[in-house]
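**Q** Okay, predicted coordinates and the sequence, questions at the end:
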Amino acid sequence: MKKPSCFCTIFTQVSLCFALYLALNLGQPIYSKRSDSRALDLYFISVRGGFRPLKQQTQLLKLMEKVAKVYNVSFVVNTSELGEDDPLMQNGTMLFPSLKVPWFTTRTSKGHGESYFHEQIKIPFGNTLDIIGVDTGSLQVHANYISRRRFISGVKGDSMLTGPSREIGQNQLHWLTKTLEATSSNWRMVVGFHPLVVCEENKEQVEAKQFYEPLRHIFVKFGVNVYLSGQGCSKHVNHVNVAYIGNPTPRENESYFTSVKGKELVNGFLLHSVSSLEIVIYFINSAGEVVHKTVLQQTGKEVM
């Protein structure tokens, strides 16, 4: 039996020490200090875009800037309906120096044009992270066509189910399949505005249900590790080794994503730490506190 390499042994020990350190420091401001044990990791922020009251937006961007400085954030993933017109992205890159980094933003075209992207990010030791943005608006339109197809019979050539919206949805699924098929990246993160899971209100347990079937099938087939959405549940849902994670929701659109252990997540964001062997995701509230974390290993399963 082959012995584990020295690097893997050391990395495992350091990761365990860091996990203990973080467990003892949950609830502390994340921007107060940075652990040297993850100095080589790639850091990036993901945030729910959209409109906010000016005071709320300014508070969020100031907090993001503090974290970006401490962790030398490489880029921001903006889960938004508005794409390049998103006000959070525009003000962040214009007014806050530490946020003048690349922003990768989603858009929901609802079938009018193509709004998806693929970015390959280098991480330490020659590995890569794929950030793949999908237009969930056009995919929802496509899903509606598929649902109608099931109930419509006797219509030759599907004359009621044709049109540019349907074609855009089909084209995007084809593009996503080809993109994932061609990549050899270590980590694969797909980003879209709409969640693919539904949370049960006032229940701690979150059920993985109502998946958009073609996307779910593609994720599982091609080893997607994370689906990151602009809204979702207070804790991630793991389904067939894919972690479904939602960004904190602004208060005016507050749904079930309200708190973890009594601490608010609204108007917060996520900080991601990526290494060759794992991704650590910190849920940061408006006070700058780490109120929850998720650790994903290459299998896609959570470890605590």
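**A** Arrived safely.
**Q** Surely G192 and T106 touch.
**A** Yes: assessed by Cβ atoms under 8 Å, G192 is found in contact with T106 at 5.9 Å. The C-beta positions use only the backbone N, C-alpha and C, and glycine is treated the same way.
**Q** The helix or strand hosting V191 pairs with which strands, and in what direction?
**A** Here V191 sits within strand 187-192, counting by DSSP states H and E. Neighbouring strands of strand 187-192 in its sheet, by DSSP bridges, are strand 127-133 (parallel), strand 226-229 (parallel).
**Q** follow-up on the earlier one: who has more neighbours, G192 and T106?
**A** A side-by-side neighbour count of G192 and T106, using other Cβ atoms under 10 Å, places T106 first with 28 against 24.
**Q** Contacts for the strand holding V191, please.
**A** 46, 77, 79, 104, 106, 123, 127-136, 139, 176, 180, 219, 222-230, 274, 279 (Cβ atoms under 8 Å, 6 or more residues apart in numbering).
**Q** Skip ahead from that strand and say which helix or strand is next.
**A** Next along from strand 187-192, by DSSP H and E: helix 213-221.
**Q** quick one: contacts for R216?
**A** So R216 contacts 196, 239-240, 242 (Cβ under 8 Å, 6+ apart).
**Q** Report the buried members of these.
**A** For these, a neighbour count by 16 or more other Cβ atoms under 10 Å gives the buried set as 196, 239, 242.
**Q** now the residues you listed as a markdown table including distance to N72 and pLDDT?
**A** Below are the buried ones among the contacts of R216 laid out as a markdown table (distance: Cβ to Cβ, whole Å; pLDDT from 0 to 100):
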| residue | distance to N72 | pLDDT |
| --- | --- | --- |
| L196 | 31 | 83 |
| H239 | 33 | 81 |
| V242 | 29 | 91 |
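**Q** was I right about N247 contacting G230?
**A** Yes: if you go by Cβ under 8 Å, N247 and G230 touch, sitting 5.6 Å apart.
**Q** and for those two, which residues touch both?
**A** Common contact partners of N247 and G230 (Cβ under 8 Å, 6+ apart): 48, 79.
**Q** secondary structure element for the residue nearest to K293 when sequence neighbours are not counted?
**A** Leaving aside its chain neighbours, K293 sits nearest to Y282 (5.2 Å; criterion: Cβ to Cβ, 6 or more residues apart in numbering). Element membership of Y282 [criterion: DSSP H and E] is strand 278-284.
**Q** If I take the very next helix or strand once past that strand and strand 278-284, what angle do their directions form?
**A** For strand 278-284, the succeeding helix or strand toward the C-terminus, using DSSP H and E, is strand 290-297. Here the directions of strand 290-297 and strand 278-284 differ by 160 degrees (axes from the mean of the first three to the mean of the last three Cα atoms, to 10 degrees).
**Q** So which elements touch strand 290-297?
**A** Where contact means 3 or more Cβ pairs under 8 Å, 6 or more residues apart in numbering; DSSP states H and E, strand 290-297 is packed against helix 6-24, strand 242-246, strand 259-260, strand 278-284.
**Q** After the longest one, which helix or strand is next? Please name it.
**A** The reference is to helix 6-24. Per DSSP H and E, the first helix or strand lying C-terminal to helix 6-24 is strand 42-48.
**Q** With just CA atoms, put that following strand into PDB.
**A** The C-alpha coordinates for strand 42-48 follow below in PDB (Å, rounded to 0.1, in the frame of the first residue of the first chain):
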ATOM      1  CA  LEU A  42      -6.700  31.700  -3.000                       C
ATOM      2  CA  TYR A  43      -9.400  34.000  -1.500                       C
ATOM      3  CA  PHE A  44     -12.400  35.500  -3.100                       C
ATOM      4  CA  ILE A  45     -15.700  37.000  -2.000                       C
ATOM      5  CA  SER A  46     -19.200  36.200  -3.300                       C
ATOM      6  CA  VAL A  47     -22.100  38.500  -2.600                       C
ATOM      7  CA  ARG A  48     -25.800  38.900  -3.600                       C
END
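**Q** re the thing from before, from the buried ones among the contacts of R216, which is closest to R38?
**A** Proximity of these to R38 (Cβ to Cβ) peaks at V242, which lies at 24.0 Å.
**Q** Check the spacing between that closest one and G223 real quick.
**A** 9 Å (Cβ to Cβ, to the nearest Å).
**Q** Also I45?
**A** I45 is 24 Å from G223, by Cβ to Cβ.
**Q** Show the pLDDT at T108.
**A** Looking at T108, its pLDDT stands at 80.
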